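**Student:** any chance you could fold what I've pasted below:
(chains A, B, C and D, ligands or ions: 4)
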Amino acid sequence: MKGISEGAPVGKVNLVHTISQKLGPLLGLLILFVIVSVLNPSFLEPLNILNLLRQVAINALIAFGMTFVILTGGIDLSVGAILALSSSLMAGMIVSGVDPILAILIGCVLGALMGVVNGLLITKGKMAPFIATLATMTILRGLTLVYTEGNPITGLGDHYLFQLFGRGYFLGIPVPAVTMILTFVVLYILLHKTPFGRKTYAIGGNEKAALISGIKVPNVKVMIYALSGLLSALAGAILTSRLNSAQPTAGTSYELDAIAAVVLGGTSLSGGKGRIFGTLIGALIIGTLNNGLNLLGVSSFYQMVVKGIVIIIAVLLDRKKAA
Amino acid sequence: MKGISEGAPVGKVNLVHTISQKLGPLLGLLILFVIVSVLNPSFLEPLNILNLLRQVAINALIAFGMTFVILTGGIDLSVGAILALSSSLMAGMIVSGVDPILAILIGCVLGALMGVVNGLLITKGKMAPFIATLATMTILRGLTLVYTEGNPITGLGDHYLFQLFGRGYFLGIPVPAVTMILTFVVLYILLHKTPFGRKTYAIGGNEKAALISGIKVPNVKVMIYALSGLLSALAGAILTSRLNSAQPTAGTSYELDAIAAVVLGGTSLSGGKGRIFGTLIGALIIGTLNNGLNLLGVSSFYQMVVKGIVIIIAVLLDRKKAA
Amino acid sequence: SMQPPTWAKPSNKENIKDIKLGLSISTLNNPFFVSLKDGVLKEAKSLGMEVKVVDAQNDSAKQINDVEDLIQQGVDILLINPTDSAAISTAVQSANNVNIPVITLDRSADKGKVEALVASDNMKGGEMAAEYLVSKLGENSVTAELEGVPGASATRERGKGFHNIADQKLNVVAKQSADFDRTKGLTVMENLIQANPDIKAVFAHNDEMALGAIEAINSSGKDIMVIGFDGNEDAINAIESGKMEATVAQQPELIGKLAVDAAKDVAQGKKIKKVIPAPLKLVTKD
Amino acid sequence: MHISMQNIHKAFGMNQVLTGVNFELKDGEVHALMGENGAGKSTMMNILTGLHTCDHGTILIDGKETYFKNPKEAEKNGITFIHQELNIWPDMTVLENLFIGKELKNSLGLLKLKEMRALAKKQFDRLAVSIPLDKEAGSCSVGEQQMIEIAKALMTNAKVIIMDEPTAALTEREISKLFEVIAALKQDGVSIVYISHRMEEIFAICDRITVMRDGKTVDTKRIPDTNFDEVVRKMVGRELTDRFPKRQSKPGELLLQVKGLTKKGVFQDVGFSVRSGEIVGVSGLMGAGRTEIMRAIFGLETVDSGEIWLNGKKVNIQSPDQAVKLGIGFITEDRKDEGLILDFSIKENMVLPTLRSFAPKGIIKEKSEKDFVEMLIKRLTVKTESADIAVGKLSGGNQQKVVIAKWVGIGPKVLILDEPTRGVDVGAKREIYQLMNELTERGVAIIMVSSELPEILGMSDRILVVHEGKITGELAKEEATQEKIMKLATGGQ
Ligand SMILES: Nc1ncnc2c1ncn2[C@@H]1O[C@H](COP(=O)(O)OP(=O)(O)OP(=O)(O)O)[C@@H](O)[C@H]1O
Ligand SMILES: Nc1ncnc2c1ncn2[C@@H]1O[C@H](COP(=O)(O)OP(=O)(O)OP(=O)(O)O)[C@@H](O)[C@H]1O
Ligand SMILES: [Mg+2]
Ligand SMILES: [Mg+2]
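**Tutor:** Ligands and ions are numbered 1, 2, ... in the order given. From the prediction side, this is the model:
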């Protein structure tokens, strides 16, 4: 009962299996929550939880797109670079007088286009996703530096909606968290309730068979890389608003955090198996780790060690369960 | 005729195919050589060629190990982190009075052991290589910082042989280049002339079939990750000597350069197909690019753009040819 | 042998009328070093010198390669802004081997013959920040520290200087790395405020992190004094608008200019000082 | 629908596969397509349905020249293809598998799960199968997977259905159900192209037969106008004597003994023995657990209890390499997935289990390796121009020979063959049988798992029958009949 079976489970075994599948990562998150809040009770304060949600939003958005990519058996290393370039382009537009909301929209479209380039290299160019997105990562990072000349772009003014986008609250919840949740709902439906989602799984599960079954594999793939680019750009917009500026080096190694979130959420790197809800939990695990280790005052050296070990334990537990 | 067939090719088509397979990356390198030396004749001066060879050695050594890993269908993201930690440990030993050559040997063994950990996580732990080595990368980077307290380790004295190792010349050739060539010869024989090499290819070609044919797949994999760790540590020793110190942040993102070298050399990321000679050429292509772009005075921002584009072009050309 | 074979050595240049400078910079992803480079280029242009620039992208090994490549291009004087003072030594020695004078910028080289070091004193800057906090908030004020990239020399030196004073006169309750990065400055500061609600001041190892911290402080509604380091344009603006308290301003353009001037003197055979200081100044609103 | 393919040519690279094939399908007929492995049957149908393009030739559909761009387009025009290789997504549910690429959606673009469920149920009822729709397809038996594929094809309301070896993995009961469905489809005017290596089936259900050999059409005939021997002769191009070569069995000493082998929920208390020079057939229904038992003996599965004795000594086999060292060979039922490295050359595949012996000093001696491989190729009559051809380019029967050669090469004491002739043509089958006889004459003990009763009856010295993970009976060659085996296999006494 791995995979996408969202329907009614059949039989007891399946039920238990489904629950443990769904709860696996969630359980990990809960354990982490308990540990951190016992060690430092201020972790559970409402403000901190809101902070946590806001901090998680950027990684979660990128990881959502990465989930689709990984489900097809691909990988996208260029997400951080897309974030940086589209953030710079947005900031550049805003500084030159474009309405900030329009700038964000254009930026997201540009992000999606960068994703399309990835998709075309992979489908038309028949390049391995790893190497194609590694190359575009390098190129886009270079272009960002060329465009910004290595300097942050500032002076974005104080457009209210724009500031709200990264820093505001909506019904008491940070706007980035609201964006993340809305995006999650939309993508959940897309992945689990529409033919597009089924095709995503089908490509990752057996690409040849998908092709024979009449699925337009290249089109679907291009769309998925575009989605990944779009979401990276959206995350870039949030970051731009949060920092009230664009940083040329923003998003460095975000791809690794996003991939870690996807894998912690139980999605298989070989494609065809996994769920986007898991990714949300995975992103929360990583966010809780970062936030918690800071709260506990763990030195940044040991933080890395702890993070690596937690990833290994979480993945090993997940494997055990599956076996 | 893909795969490991080194024997006499059969038929005309096969012959052409084999030649283009072997010459593909080499041709790319030659074109690059010609372009750079036309644009800046000083590129071809003897000292620059020696420089180039020395500069390439570190990436090439890591990429040799990565070739084995990728041939089995795996990946090793932890090479840079292994380089940094073993370099720090070597330097630490030297400072505390261990004979430098002995320290290098111990350091290489430790590097191999770190590789063994990767191998065990992947075989016993059944983790995807990407995520296992991503986790160990984080952990080893953390441990390096813990061990060095974030400071470079200096005061390595002036042991002649040790200095020679990274900076000296042997028969007029930089010692790191000599090390690289000797290692290449040994690994070439290992990969193409011994049962171990055949097993490496077999695992990448079809792991289940390899297992059923009586190959001890887990053992071979562990040995290959150990080899990758060993070679990273060896590269670390050269770097330590060149820098006359150990840098805690050394080797950052070296994994990407190594993977790029392997792929440029025509080895398939899905395993089972490729050759170590190609990797040598791939490393030379990357080295020539770095060196050449510097000589041509291209700004570092544009260098990234150019590098990314060259990778794409090279891989696309290789795909075209294969099709 | 430790020397390149004789057949490979470049021929020595006799005529040094048109001086060609080589500038190896640690990274250009940071406005500070961009300004430093601009300072070099501007001064060189006004003196009619040619400059070749290479960027090590914060990788010590790449920097050695870069320096070799510059030597290969036949530069007459090397201006090196090391990523690390220990790691650059061998590159300086290679330059010494072929008799190319070396001037280092912002950081020194541990070994090898260097004509001059042009730098502002990072350690001193850290001390200045701590002293300023003591004078503004009194002794034993609760303070946090945002550290730079672990292991980077600026992190070590600024931190060391800061603690020289702070360990006696301030109460540093938390220190965390935010990698010289504005985004991380923001999230790490959010978490630090959460863990230590009574923080009164924060010292960031650079302005980027300070500016990130300010965003975190603003949204927390607390009143926390922020001191940065570098004095880049954003930070000066933030200080003028009252969002940031102060920054230990370096003058990267000046460092670049002084280095070129020193190079000119070396080329003309004049004697120069071993250490050429570029003054630091504490920028506050007044 | 009337289809006419005329003078079709097709080459893959240098490999000229089809050289002027003609094929005609009439309205509402069941048309058999037969030929040796690699004759080009699947390729023909792939060309018809747009998966491959032909180099040269004409395709007329209802008199109009038509070339489909892809299988989807063929399907839209009423031609559905059940492929030889199952197109199953093991991690997705049965329901999801049934509707891949043709999901029903409402006006909002969301899936109509209820309707899809109902539709699936209807098809399954028609085929009289009861696979839970939410089961993961990967945990279904091969037979069930095949039924999923058939149901998928029936849902398209096709006017032409191409079945490429649909019964290779089906049980007798499933096969007879399928034949009923085929008869019903015929009634509705649907035409069927039926590709199979099982001669009995062809004569049971087909109206006409086209025989192919070496990329050419040899003949097309009405079934009543031909017979078994003629078809075989046309396929292989020569007279074929008995289907099963004579064997003189002279079993020697006890070689392999299995005692009380148990893996909970899969097989229980399995015990049997094999003598040197003996062929023990293992029969049973699909999913009875035969493959699992063999995998356990070979060290590919862990067991809960039980012992294995070899040559009177108790052995402990934890992994395949130990089994290989002890002289046990295992030809798996899925040669593409587990038997071969398709991108590798014949040579590289054949020497895989014996690599060590070619490198006494660590370096592989290419000369002796080459001689060895050439000897095996000759001995097993593998049809190939060279040992350096990638195995994936060989026909199914020749691939199977390479797998067998691999194990013959280790000089085995015990050879386990799991469905050794699945998807293999009559000619190649006979060669494989002959080889089994040769091996037993030299004292090799053979365990042959097979779902083909004629093969079990024709080749075994002794027959074990497995039902739901237990050995329900053992029959000597002389007393065994189809009826007795089927009774034991279905759990009757
Ligand atoms: N995609 C391909 N690339 C190269 N060669 C191919 C390809 N597909 C089939 N062939 C070759 O074409 C020939 C005919 O193959 P095909 O699958 O049509 O045979 P078949 O008659 O269906 O045999 P079988 O009974 O084994 O299924 C074989 O030699 C096969 O190796
Ligand atoms: N990987 C698996 N996961 C879950 N169940 C499996 C798996 N492999 C086999 N089974 C189940 O185990 C049982 C025994 O299967 P096995 O393949 O051993 O049967 P068999 O008699 O060899 O039949 P076949 O001819 O289909 O191979 C079947 O019910 C099958 O569905
Ligand atoms: Mg076929
Ligand atoms: Mg079986």
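**Student:** tell me the phi and psi of A:Gly278?
**Tutor:** phi -60, psi -40 (degrees, to the nearest 10).
**Student:** and it, what does it touch?
**Tutor:** A:Gly24, A:Pro25, A:Val262, A:Leu264, A:Gly265, A:Gly266, A:Thr267 (CB atoms under 8 Å, 6 or more residues apart in numbering or on different chains). C-beta coordinates here come from the backbone N, C-alpha and C atoms, glycine included.
**Student:** switch the cut-off to 6 Å
**Tutor:** Contacts for A:Gly278 were tallied using CB atoms under 6 Å, 6 or more residues apart in numbering or on different chains; they are A:Pro25, A:Gly265, A:Gly266.
**Student:** let me have these in CSV, adding neighbour count as columns.
**Tutor:** Listed next are the contacts of A:Gly278 as CSV, based on neighbours: other CB atoms under 10 Å in any protein chain shown:
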residue, neighbour count
A:Pro25, 27
A:Gly265, 29
A:Gly266, 26
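**Student:** in helices, which of these appear?
**Tutor:** A:Pro25 (DSSP state H).
**Student:** and of the contacts of A:Gly278, the nearest to C:Ser241?
**Tutor:** Closest approach to C:Ser241 among the contacts of A:Gly278 (CB to CB): A:Gly265, at 42.4 Å.
**Student:** that closest one: what's its closest spatial neighbour, skipping adjacent residues?
**Tutor:** Distances taken as CB to CB, 6 or more residues apart in numbering or on different chains place A:Gly278 nearest to A:Gly265, at 2.8 Å, with adjacent residues excluded.
**Student:** give me the residue from chain C nearest ligand 2.
**Tutor:** Per CB to the nearest ligand atom, the residue of chain C with the smallest distance to ligand 2 is C:Thr187, at 44.5 Å.
**Student:** now do the contacts for that residue.
**Tutor:** A:Gln55.
**Student:** mind checking the pLDDT average for the helix or strand hosting it?
**Tutor:** Here C:Thr187, judged by DSSP states H and E, is contained in helix C:182-195. Across helix C:182-195, the average pLDDT comes to 87.
**Student:** pull out the buried residues from that helix.
**Tutor:** C:182-195 (16 or more other CB atoms under 10 Å in any protein chain shown).
**Student:** what residues does the stretch 151-286 of chain C have near chain B?
**Tutor:** C:Gly151 (CB under 6 Å from any CB of the partner chain).
**Student:** show me the strands in the stretch 151-286 of chain C, by range?
**Tutor:** C:171-177, C:201-204, C:225-230, C:246-249, C:275-277, C:281-284 (DSSP state E, counting those that start in this stretch).
**Student:** and the second one, how far from the chain's centre?
**Tutor:** To tie it back to what came earlier, the one meant is strand C:201-204. Put simply, strand C:201-204 sits 19 Å off its chain's centre (CA atoms, centre = their mean, to the nearest Å).
**Student:** mean confidence for that strand?
**Tutor:** Mean predicted lDDT for strand C:201-204 stands at 96.
**Student:** list the strands paired with that strand, with their directions.
**Tutor:** strand C:142-147 (parallel), strand C:225-230 (parallel) (DSSP bridges).
**Student:** can you pull out the helices in the stretch 201-323 of chain A?
**Tutor:** Along the stretch 201-323 of chain A, counting by DSSP state H, counting those that start in this stretch, helices occupy A:207-212, A:217-243, A:254-264, A:276-295, A:300-322.
**Student:** quick one: closest of these to ligand 1.
**Tutor:** helix A:207-212 (10.8 Å).
**Student:** wondering if that closest one reaches chain B at all.
**Tutor:** No. Figure legend: helix A:207-212 not in contact with chain B (CB under 6 Å from any CB); closest approach 11.8 Å.
**Student:** near chain D at all, that helix?
**Tutor:** Yes. Helix A:207-212 comes into contact with chain D (CB under 6 Å from any CB), by way of A:Ala209, A:Ile212.
**Student:** could you dump that helix to PDB, C-alpha only?
**Tutor:** Extracted C-alpha coordinates of helix A:207-212, given in PDB (Å, rounded to 0.1, in the frame of the first residue of the first chain):
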ATOM      1  CA  GLU A 207       8.800   5.100 -17.800                       C
ATOM      2  CA  LYS A 208       8.700   2.700 -20.800                       C
ATOM      3  CA  ALA A 209       5.300   1.300 -19.900                       C
ATOM      4  CA  ALA A 210       4.000   4.900 -19.400                       C
ATOM      5  CA  LEU A 211       5.100   5.800 -22.900                       C
ATOM      6  CA  ILE A 212       3.500   2.700 -24.300                       C
END
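**Student:** elements contacting that helix?
**Tutor:** Applying 3 or more CB pairs under 6 Å, 6 or more residues apart in numbering or on different chains; DSSP states H and E, we find helix A:207-212 packed against no helix or strand.
**Student:** close to ligand 1, is that helix?
**Tutor:** No. Contact of helix A:207-212 with ligand 1 (CB under 6 Å from any ligand atom) is absent, the minimum separation being 10.8 Å.
**Student:** what sits against C:Asn81?
**Tutor:** C:Asn81 touches C:Ile25, C:Ser26, C:Leu105, C:Asp106, counting by CB under 6 Å, 6+ apart.
**Student:** right, and C:Gln194 touches A:Leu50 too?
**Tutor:** No. Look at C:Gln194 against A:Leu50 with CB atoms under 6 Å: they stay out of range, at 10.3 Å.
**Student:** one step back: need the strands of the stretch 151-286 of chain C in a markdown table with mean neighbour count, can you?
**Tutor:** Listed next are those as a markdown table, based on neighbours: other CB under 10 Å:
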| stretch | mean neighbour count |
| --- | --- |
| strand C:171-177 | 20 |
| strand C:201-204 | 29 |
| strand C:225-230 | 28 |
| strand C:246-249 | 26 |
| strand C:275-277 | 14 |
| strand C:281-284 | 15 |
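**Student:** nearest to ligand 1, out of the ones you listed?
**Tutor:** Between ligand 1 and the strands of the stretch 151-286 of chain C, the tightest spacing by CB to the nearest ligand atom is seen for strand C:171-177, at 54.9 Å.
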